[in-house]
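Student: kindly generate the corresponding structure for this input.
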Amino acid sequence: MSKYDNPEYRIATYHLGCELDLPDHALRPIRHLLGPSLGRIFWGDWLRLDAIDPEWISTPGDHDDPDWHRVDGWREQGGDHIQRKWKQRARLWIQWYSVDAWHVADWLVTAVAGEHAWLANVDDQGHPKKLMKCGTLERLVHEASRGLRERNASLARDVLLGPTDEHFLHDLGVGHTLVRLRSRAALRKEGAIMHHCIGQGGYDELLDDPDVALVSVRDADGNPLATLDIRNGYIRQFCARGNAEPSDAVRDLVASAVDAFCWQDWRDRPGSRADEQDYGPEAAVILRDLPPARRRG
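Tutor: Numbers count the residues shown, from 1 in each chain. Just a heads-up that it's a prediction; the model follows:
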């Protein structure tokens, strides 16, 4: 039996789709593509991990003092442990690989909306060959980057902003500024230039929230260098192009605004835990290694 006909595989990919947390209008058209793309990689990763330990797994890359997670679905609780098992595994996998997974999902959404020709080039099971040739998440990300390059270049070039789309927030010195993004068009353009998910729709509803500030770091020519997501005075995200960590120079520039606005690290907010991963479904890269000016004892 093909894994695509395996009921457990279908359960696994269903929960993976849920954890992507895309709006239904975006998820519905691409759900059939999740199996031969992210779902296939997700399933293969867990088969390899199950061969080592089907009950427990530690956080990838954390070798000194790893966090351990139970992934067998808690059989002793009875009921449908298979559903619990794949819900937990999907949650962890997206937590670990969220940026890459959302990047691939964005590519799939764009391809379906644009009726890209490669979708019609399928194998004997009806799966697009372009997806099936990608045996790793890295390869899927590579194909997604190629596929989105033209779309992003077009957005960056063609989206024209008016005076109400952005407004000046703070002078960072040496010609650099902070600009607050105030419209969907501003988010689309920022995301297209910076190659991260702020322009994919997940942040749109936050534009009307007075406790949320979506802010762009701009150089002397007005080009974005990094993007911040600030909620209730706490810096929740801070990412550079392609979701990379901002450079030391950019972090040092932003430190003056941190002092001016008394912003703090998201992990320092009341009630948070040092190991907390509750950054929300639309998160890109979580700010790490804050400059000392951002820490509040």
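
Student: low pLDDT regions in the stretch 101-250 of the chain?
Tutor: Across the stretch 101-250 of the chain, the ranges flagged by pLDDT under 70 are 151-152, 155-156, 158, 200.

Student: quick one: the strands in it?
Tutor: Remark: strands assigned in the stretch 101-250 of the chain by DSSP state E, counting those that start in this stretch are 166-173, 176-181, 212-218, 224-231, 234-239.

Student: list the strands paired with the third one, with their directions.
Tutor: Put plainly, it is strand 212-218. strand 176-181 (antiparallel), strand 224-231 (antiparallel) (DSSP bridges).

Student: could you list the residues in contact with the last one?
Tutor: In this case it means strand 224-231. 176, 190, 193-194, 196, 198, 203, 211-219, 235-241, 246, 250, 254, 263, 266 (CB atoms under 8 Å, 6 or more residues apart in numbering). For the C-beta atoms, the positions are set from N, CA and C on the backbone; glycine is no exception.

Student: same deal with the first one?
Tutor: For strand 176-181, the external contacting residues (CB under 8 Å, 6+ apart) are 165-172, 187, 190, 198, 207, 213-220, 225, 253-254, 257.

Student: repeat that for 6 Å
Tutor: 166-167, 169-171, 187, 190, 213-216, 218-219, 253, 257 (CB atoms under 6 Å, 6 or more residues apart in numbering).

Student: can I see the domain layout of the chain?
Tutor: 3-157, 166-294 (automatic domain parsing).

Student: need those in a markdown table with mean neighbour count, can you?
Tutor: Output for these, formatted as a markdown table (neighbours: other CB atoms under 10 Å):
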| stretch | mean neighbour count |
| --- | --- |
| domain 3-157 | 16 |
| domain 166-294 | 17 |
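
Student: which one of the strands of the stretch 101-250 of the chain lies closest to Pro7?
Tutor: Closest of the strands of the stretch 101-250 of the chain to Pro7 is strand 234-239, at 37.4 Å (criterion: CB to CB).

Student: one step back: so which of the strands of the stretch 101-250 of the chain comes closest to Ile94?
Tutor: It's strand 234-239; of those, that one is closest to Ile94 (CB to CB) at 16.1 Å.

Student: packing partners for the closest one?
Tutor: strand 224-231 (3 or more CB pairs under 6 Å, 6 or more residues apart in numbering; DSSP states H and E).

Student: repeat that for 8 Å
Tutor: strand 224-231, helix 248-261, strand 264-265 (3 or more CB pairs under 8 Å, 6 or more residues apart in numbering; DSSP states H and E).

Student: quick one: which of those is nearest Ile57?
Tutor: Here strand 264-265 is closest among the helices and strands packed on strand 234-239 (CB to CB), at 27.8 Å.

Student: partner strands of the closest one and their direction?
Tutor: Strand 264-265 has these strand partners (DSSP bridges): strand 234-239 (parallel).

Student: and the strand it pairs with with helix 248-261, angle?
Tutor: 160 degrees (axes from the mean of the first three to the mean of the last three CA atoms, to 10 degrees).

Student: for strand 234-239, output the C-alpha coordinates as PDB.
Tutor: Extracted C-alpha coordinates of strand 234-239, given in PDB (Å, rounded to 0.1, in the frame of the first residue of the first chain):
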ATOM      1  CA  TYR A 234       7.700  43.700  24.000                       C
ATOM      2  CA  ILE A 235       9.800  42.900  20.900                       C
ATOM      3  CA  ARG A 236       8.300  39.600  19.700                       C
ATOM      4  CA  GLN A 237      10.200  39.300  16.500                       C
ATOM      5  CA  PHE A 238      13.200  41.000  14.900                       C
ATOM      6  CA  CYS A 239      14.300  39.600  11.500                       C
END
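
Student: what's the offset of that strand from the middle of its chain?
Tutor: Strand 234-239 has its C-alpha centroid displaced from the chain centroid by 13 Å (CA atoms, centre = their mean, to the nearest Å).
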